[in-house]
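Participant: this one's structure only:
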Ligand code: PXP
């Protein structure tokens, strides 16, 4: 199971003081050095953490795989075509939200998403869609030509241990199995931490997990290398 580290919140800390530190690219390099197989960041419409400048620097220095999350807008398509990340992850975005709140609705938006994915594909950029566990949504993602899906683990992660959480886990498992069966590479992410990641790691079709907040929070206390190594031990 590969670990991709989302470094947004190093930039959040920097922006709290509109300062030059901490440098998200430095965190990215140290995460890679500790064994991360990819670096993820989210450029938001309001640029609350990651900026174009960060993307340019990251594009130059990231040696594993740069995955940039963004909304499926014209503005963001231009950013993608300039930066050329290895993967663009399309996510829904509400300006008021603290973090991404759910998967993208592919069935309802396929007329917009289809051409968007095609434009990125023609530029040689792999595309991912952040998606809830609905099999119809996953089928639609396959039909519009994405290379991979990232299944939203947020519902599972937010629940306490018990029957509801087990149900949410089963939904993630079924979605991963279905996505894999129809030829998609399957990733997972959102809300995963050192305590809840185990059952997700046990899903055989999951090729990669994207984890941000929990790793940055631990890194603030013990350092990014230790925080990445601790998570890798749980993914092994
Ligand atoms: N995947 C997606 C699509 C996200 O938007 C985020 C949060 O930016 C993550 C994964 C990582 O979530 P977390 O920070 O809770 O680990």
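Facilitator: Done, it's in. Since the structure is predicted, the reported quantities are computational estimates derived from the model, not experimental observations.

Participant: Angles on the backbone of the residue nearest in space to the middle of the chain, please.
Facilitator: The chain has residue 210 as the residue nearest its centroid, 4.8 Å off, counting by Cα atoms, centre = their mean. Torsion angles at residue 210 (phi, psi; degrees, to the nearest 10) stand at phi -110, psi 110.

Participant: Okay, and the beta partners of it?
Facilitator: For residue 210, the beta-bridge partners are residue 4, residue 189 (DSSP bridges).

Participant: Got the confidence number for it?
Facilitator: We have a pLDDT of 98 for residue 210.

Participant: How is residue 19 assigned, secondary-structure-wise?
Facilitator: Three-state assignment for residue 19 (DSSP: H, G, I helix; E, B strand; the rest coil): coil.

Participant: measure it to residue 224 for me?
Facilitator: 18 Å (Cβ to Cβ, to the nearest Å). For the C-beta atoms, the positions are set from N, CA and C on the backbone; glycine is no exception.

Participant: tell me the contacts of the closest residue to residue 27 other than its chain neighbours?
Facilitator: Excluding the flanking residues, the one nearest residue 27 by Cβ to Cβ, 6 or more residues apart in numbering is residue 10, at 4.4 Å. Residue 10 makes contacts with 22, 23, 24, 27, 216, as judged by Cβ atoms under 8 Å, 6 or more residues apart in numbering.

Participant: can you map out the strands along this protein?
Facilitator: Using DSSP state E, the strands of the chain run over residues 2-6, 38-42, 66-70, 87-90, 126-131, 148-152, 185-189, 206-211.

Participant: Tell me the predicted confidence for the closest residue to residue 49 other than its chain neighbours.
Facilitator: Computed as Cβ to Cβ, 6+ apart, the closest residue to residue 49 that is not its neighbour in sequence is residue 11, at 3.8 Å. Residue 11 carries a pLDDT score of 98 in this model.

Participant: Run a quick neighbour tally on residue 11.
Facilitator: 24 (other Cβ atoms under 10 Å).

Participant: I'd guessed it sits against residue 50; true?
Facilitator: Yes: counting by Cβ atoms under 8 Å, residue 11 touches residue 50, with 5.1 Å between them.

Participant: any residues in contact with both of those two?
Facilitator: Counting by Cβ under 8 Å, 6+ apart, the shared contacts of residue 11 and residue 50 are 24, 41.

Participant: what number of residues lie near residue 17?
Facilitator: Around residue 17 there are 8 other residues, counting by other Cβ under 10 Å.

Participant: for residue 39, same thing?
Facilitator: Neighbour number of residue 39 under other Cβ under 10 Å is 28.

Participant: What's the separation between it and the ligand?
Facilitator: Residue 39 is 12 Å from the ligand, where distance means Cβ to the nearest ligand atom, to the nearest Å.

Participant: check contacts around that residue.
Facilitator: Applying Cβ under 8 Å, 6+ apart, the residues near residue 39 are 4-7, 28, 31-32, 58, 62, 64-67.

Participant: Could you work out the end-to-end span of stretch 186-198 for me?
Facilitator: 17 Å (Cα to Cα, to the nearest Å).

Participant: tell me the mean pLDDT for stretch 101-121?
Facilitator: On average, the pLDDT along stretch 101-121 is 94.

Participant: and the lengthiest helix in the chain, what does it pack onto?
Facilitator: Of all the elements of type helix in the chain, the one with the most residues (DSSP state H) is helix 163-181. On a contact count with 3 or more Cβ pairs under 8 Å, 6 or more residues apart in numbering; DSSP states H and E, helix 163-181 meets helix 135-143, strand 148-152, helix 154-158, strand 185-189, helix 198-201.

Participant: buried ones in the third one?
Facilitator: By 16 or more other Cβ atoms under 10 Å, the buried positions in helix 154-158 come out as 154, 155, 156, 157.

Participant: I am finished for the moment; much appreciated.
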